[in-house]
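S.K.: Give me coordinates for this.
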Amino acid sequence: MELKDRILQKANDLFHRYGVRSITMDEIASQLGVSKKTIYQYYSDKDELVDRVTAEVIGNAQFNCENLKAGARNAIHEIFQVIDFIRNMFTQMNPAMVFDLNRFHPKAYNLFLNYKNQFLYQMIKENLERGIREGLYRPEINVEIIVKLRLEGMLIAFNQDIFPPSKYNLAEIQQAVIEHFLFGVASLKGYRLILKYQKESLKAKK
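M.R.: Now for the predicted structure:
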């Protein structure tokens, strides 16, 4: 792996574990066993590094979400696959990361907002429409309202005043929010399928 990619990977790991603000370029250099000057040969400053890490994370998330959608047997199966993906992605993630982007790295935060308000919006909307067609979601739901509720519910998990990291795990919060969303939109047929997938998920963990 080239040094430029190693720097990006190490920064990504540290930002996810400890948040963005608390990690300095000196810390990244120390972890890699190189000088800070060496890092500046590839990234002009911390802002550029944060922007690149954010773009990389978003790109990977989009790729995985699209693959999960393409391989899903139905709308609810797609959501359960997303839950597994989120569990892997968020288990070690410090919720301060999103807060730090908002406060100190506006360009990177705008990348995140675009991902949320465009890509995720469309993914959730299409999942809801698919679920309605399949008879798994209630036909009377207002799709536009439910999409926005789902998106804002996702952000609540990062609010450390509501969910302090010392007490709550980010992946578990996100799973609870998604399951709450699912049961809220499910038809009777969908409700039964959710219970089926939950049982299968529990068995897979044992």
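S.K.: surely Tyr43 meets Val50?
M.R.: No. With contacts counted by C-beta atoms under 8 Å, Tyr43 stays clear of Val50, the gap being 9.3 Å. The way it works is simple: take the backbone N, C-alpha and C, and place the C-beta from them, glycine included.
S.K.: For burial, what's the neighbour tally of Tyr168?
M.R.: 15 (other C-beta atoms under 10 Å).
S.K.: Quick check: phi and psi at it.
M.R.: Torsion angles at Tyr168 (phi, psi; degrees, to the nearest 10) stand at phi -130, psi 150.
S.K.: quick one: the spatially most central residue of the chain from Ile58, how far?
M.R.: The chain has Ile86 as the residue nearest its centroid, 5.9 Å off, counting by C-alpha atoms, centre = their mean. Here Ile86 is placed at a distance of 14 Å from Ile58 (C-beta to C-beta, to the nearest Å).
S.K.: Ok, Tyr137 next?
M.R.: For Tyr137, the distance to Ile58 (C-beta to C-beta) stands at 27 Å.
S.K.: More neighbours: which of those two?
M.R.: Tyr137 (25 against 17).
S.K.: right, and the more buried one touches Val185 too?
M.R.: Yes. At 4.6 Å, Tyr137 and Val185 qualify as touching, with contact defined as C-beta under 8 Å.
S.K.: what touches both of these two?
M.R.: In terms of C-beta atoms under 8 Å, 6 or more residues apart in numbering, Tyr137 and Val185 are both contacted by the residues 128, 131.
S.K.: what about this structure, any weak spots by pLDDT?
M.R.: Applying pLDDT under 70 to the chain flags residues 206.
S.K.: Mind telling me what element Glu167 is part of?
M.R.: For residue 167 the amino acid is Lys, not Glu. In the assignment (DSSP states H and E), Lys167 maps to no helix and no strand.
S.K.: how many neighbours does it have?
M.R.: Lys167 has 6 nearby residues by other C-beta under 10 Å.
S.K.: Could you pull up the residues touching it?
M.R.: Lys167 neighbours (C-beta under 8 Å, 6+ apart): none.
S.K.: Return the backbone torsion pair for it.
M.R.: According to degrees, to the nearest 10, Lys167 has phi -120, psi -30.
S.K.: how near is it to Gln160?
M.R.: Taking C-beta to C-beta, one finds Lys167 at 10 Å from Gln160.
S.K.: Which of the helices or strands spans Lys196?
M.R.: helix 188-205.
S.K.: hey, where'd the helices end up in the chain?
M.R.: Secondary structure of the chain by DSSP state H: the helices cover 3-18, 25-32, 36-40, 46-71, 75-90, 96-104, 106-114, 121-133, 143-156, 170-185, 188-205.
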